[in-house]
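1. Quick one: sequence and predicted model below, then my questions.
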Amino acid sequence: MSSVADINREKLNALRNKLAIGQGFSFEDNLKAVFDPHGGRQAAPFLYASHVALRPIMTKHSEPVKSESIHNAKQDDPMEQDLPDLKPLIESMSMFSGSSSQIQTQVRVESLANLVDLPLAHLKITLPSIDMQSWADDITADLLKEIAKADTIPSANAAYLVHASTFAKMTAFKSNVPRVLMNSIQQLTQHEGKCIMDGLLVPLLFQSDLGKPQCEVINRSISELNPSQRVSMLQTILSDGESYLAANATTDFVSWDHRNYLRPWNDTVVQLISTILSTQPLIELGKTLLYDLVQPLQTTVHSSPKDKGAMQLLLLLTSKYAPAIIEYQAIGLIEETCQSSTMFLKRAVLGQIASMRKKLAAAG
């Protein structure tokens, strides 16, 4: 029969065996491996040394940005580009707000040339900081001359300079435009009509009161545009600005939301259309443009048989654009329109239509 001591010893041995199951070594050896630096148990490897690197879990907003993305963002952001110091140039322009007679001609020309030579991105930064409306008329005229002399200036740059230097001045005039300014505008229109059209004429059409001075500038400038530019002006008027705004969405010279509408056409608009159609060399009047012009005139005459302006334009069309009217078979539409008119011009227009019909009969 076993003693109590033997029983206790057997229980202790059983406990030790149970603790050692599956460990590969005894409980005692395990403790030694933990506390003894010379223990035989191999240390577990660090997780960072494994083949899968740990990364923090990030939301979409905290996603790390690649270095090349930062570089590209700096390139796209004009404020991050290597811009020159424009402050000296802007400060030099302040001399033009005083008396122009005190400025030496060479200094004036060089300063204006420096402004004209700026890239578009620099112009957009510089021009809002210059009070061009306070410039004397001869200074503004000199700027327009410098634009005309700059053969390589992009049209967009020239338009920004024209708009900044002339638009506010023109809208402020209540009487005739000074000759020095009008002459310089016409000269630049002859040289580069698109910048005058974009920067001054179209904005005046839709963003001014269209008083006598403004109409004078537009009318006299239109006569200096080339035929394709006059076609563009006519399309702009016929679409009430829609075609121009759609084609020039990147500029802010005319606002979609805050602009005038030209219809119904008053005497001023009729005069502008007349100038576009009568200036030599005549424009090429395609089918779409012809009908876009005749149909509003038809509506006007039907609603107002005594309207003089509409009949004046129909007389101009039948006398100068008979080949287009014949080719695009608009004789009947114009004749039907005239029948509604009670104006004395009706007889003259019908006479032109009769002449066209005779030519058609002779040709047939």
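-> Looks like it came in fine.

2. any low-confidence regions in this structure?
-> Within the chain, the segments meeting pLDDT under 70 span 1-84.

3. Let me know the helix or strand that the residue nearest the centre of it is in.
-> For the chain, the residue nearest the mean C-alpha position is Thr250 (1.5 Å; Cα atoms, centre = their mean). Using DSSP states H and E, Thr250 sits in no helix or strand.

4. how about it, phi and psi?
-> The phi/psi pair for Thr250 (degrees, to the nearest 10) reads phi -80, psi -10.

5. residue contacts, it?
-> The contact partners of Thr250, taken as Cβ atoms under 8 Å, 6 or more residues apart in numbering, number zero. Glycine gets a C-beta too; all of them are placed from N, C-alpha and C.

6. Next: the one 5 residues further on.
-> With contacts taken as Cβ under 8 Å, 6+ apart, Ser255 has the following neighbours: Gln207.

7. Using the three-state scheme, assign it.
-> coil (DSSP: H, G, I helix; E, B strand; the rest coil).

8. Break this structure down into its domains, please.
-> Recorded structural domains for the chain (assignment: automatic domain parsing) are 1-42, 87-264, 287-364.

9. which one of the ones you listed lies closest to Pro281?
-> Nearest to Pro281 among those is domain 87-264; the distance by Cβ to Cβ comes to 5.8 Å.

10. okay, how far is it across that closest one, tip to tip?
-> Its start and end residues considered, domain 87-264 measures 47 Å (Cα to Cα, to the nearest Å).

11. now that domain, how far from the centre of its chain.
-> With Cα atoms, centre = their mean, to the nearest Å as the basis, domain 87-264 stands 16 Å off its chain's centre.

12. Export the domains of the chain to JSON lines and append columns for distance to Thr275.
-> Formatted as JSON lines, the domains of the chain follow (distance: least, Cβ to Cβ, whole Å):
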{"stretch": "domain 1-42", "distance to Thr275": "98"}
{"stretch": "domain 87-264", "distance to Thr275": "5"}
{"stretch": "domain 287-364", "distance to Thr275": "10"}
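
13. so which of the ones you listed gets nearest Thr279?
-> Comparing these by Cβ to Cβ, domain 87-264 comes nearest, at 5.0 Å.

14. which stretch of helix or strand covers Gln187?
-> Assigning secondary structure by DSSP H and E places Gln187 in helix 179-191.

15. Can you name the residues in contact with that helix?
-> 137-138, 140-142, 144-145, 147-148, 162, 166, 169, 195-196, 200, 216-217, 220-221, 224-225.

16. Can you list the buried residues in that helix?
-> For helix 179-191, a neighbour-count test (16 or more other Cβ atoms under 10 Å) marks 181-182, 184-189, 191 as buried.

17. will you turn those into TSV that also has distance to Leu234?
-> Output for these, formatted as TSV (distance: Cβ to Cβ, whole Å):
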residue	distance to Leu234
Leu181	26
Met182	23
Ser184	25
Ile185	20
Gln186	20
Gln187	23
Leu188	21
Thr189	16
His191	22
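
18. out of those, which one sits closest to Asn157?
-> For the buried residues of helix 179-191, the nearest to Asn157 is Leu188 (13.2 Å; Cβ to Cβ).

19. Which residues belonging to stretch 287-298 are considered buried?
-> 289-290, 293-294, 296-298.

20. Narrow those residues to those in helices?
-> Within those, residues falling in helices by DSSP state H are 289-290, 293-294, 296-298.

21. circling back to that earlier point, out of the buried residues of stretch 287-298, what pair is the most spread apart?
-> Between any two of the buried residues of stretch 287-298 (Cβ to Cβ), the greatest distance is 15.3 Å, for Leu289 and Gln298.

22. Tell me where the longest helix sits in this structure.
-> Max-length helix for the chain by DSSP H is helix 345-363.

23. Run the chain-centre distance for that one.
-> Counting by Cα atoms, centre = their mean, helix 345-363 comes out at 45 Å from the chain centroid.

24. Remind me what it packs against, helices and strands.
-> helix 308-320, helix 322-327, helix 331-339 (3 or more Cβ pairs under 8 Å, 6 or more residues apart in numbering; DSSP states H and E).

25. quick one: contacts of that helix?
-> 308, 311-312, 314-315, 318-319, 322, 325-326, 331, 334-335, 338.

26. How about stretch 219-228?
-> 182, 185-186, 189-190, 193, 196-197, 200-201, 230, 233, 271-272, 275-276, 279, 281-284.

27. Whichever of those residues end up buried, select them in ChimeraX.
-> Of those, the buried ones can be selected in ChimeraX as follows, counting by 16+ other Cβ under 10 Å:
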select :182,185,186,189,193,196,197,200,201,230,233,271,272,275,276,279,283
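
28. In strands, which of the contacts of stretch 219-228 appear?
-> The strands, defined by DSSP state E, take in nothing from the contacts of stretch 219-228.

29. one step back: single out the most deeply packed of the helices and strands packed on helix 345-363.
-> Counting by mean count of other Cβ atoms under 10 Å, helix 308-320 has the highest mean neighbour count of these, with a mean of 21.

30. Kind regards, and thank you for your time.
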